[in-house]
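Asks: Okay, predicted coordinates and the sequence, questions at the end:
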Amino acid sequence: MKQALFFFGSALAVIFGGGFLIRFIRDGDFYIAEFAGGVTGVVLLVLTLVVKNKGENAERGF
């Protein structure tokens, strides 16, 4: 599950976040749907790191 969250979060961040940044820089347009998709991808990436670190700490007994 951790790896699936990482890949899904990466895909969302790259596809929606990249499209948002390109349009924002090139045209100055702010598309809320692409912004929300990019932010969701970044949140999933952070969540994946938290879950991974929490699992490693549980294995060590902390």
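Replies: Noted; the coordinates are in hand. Nothing here was measured: the structure is a model prediction, and the numbers come from that model.
Asks: hmm, who's touching stretch 31-40?
Replies: The contact list for stretch 31-40, computed with C-beta atoms under 8 Å, 6 or more residues apart in numbering, reads 9, 12-13, 15-21, 23. For every residue, glycine as well, the C-beta is placed using N, CA and C.
Asks: Are any of these buried, and if so which?
Replies: Among these, those scoring as buried are 9, 12-13, 16-17, 19-20 (criterion: 16 or more other C-beta atoms under 10 Å).
Asks: Which members of those are positioned in helices?
Replies: Within those, residues falling in helices by DSSP state H are 9, 12, 19-20.
Asks: can you pull the contacts of Val46?
Replies: Contacts of Val46 by C-beta under 8 Å, 6+ apart: none found.
Asks: Give me the distance between the helix or strand that it is a member of and the centre of its chain.
Replies: Per DSSP states H and E: Val46 is located in helix 32-60. Helix 32-60 sits 6 Å away from the centroid of its parent chain (C-alpha atoms, centre = their mean, to the nearest Å).
Asks: So which bits of it are buried?
Replies: 34-35, 37-38, 40-42, 44-45, 48.
Asks: Using a markdown table, lay out those together with pLDDT and distance to Asn57.
Replies: Below are these laid out as a markdown table (pLDDT from 0 to 100; distance: C-beta to C-beta, whole Å):
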| residue | pLDDT | distance to Asn57 |
| --- | --- | --- |
| Glu34 | 93 | 35 |
| Phe35 | 94 | 33 |
| Gly37 | 93 | 31 |
| Gly38 | 93 | 29 |
| Thr40 | 94 | 26 |
| Gly41 | 92 | 25 |
| Val42 | 93 | 23 |
| Leu44 | 92 | 20 |
| Leu45 | 91 | 19 |
| Thr48 | 89 | 15 |
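Asks: Thank you kindly, that will do.
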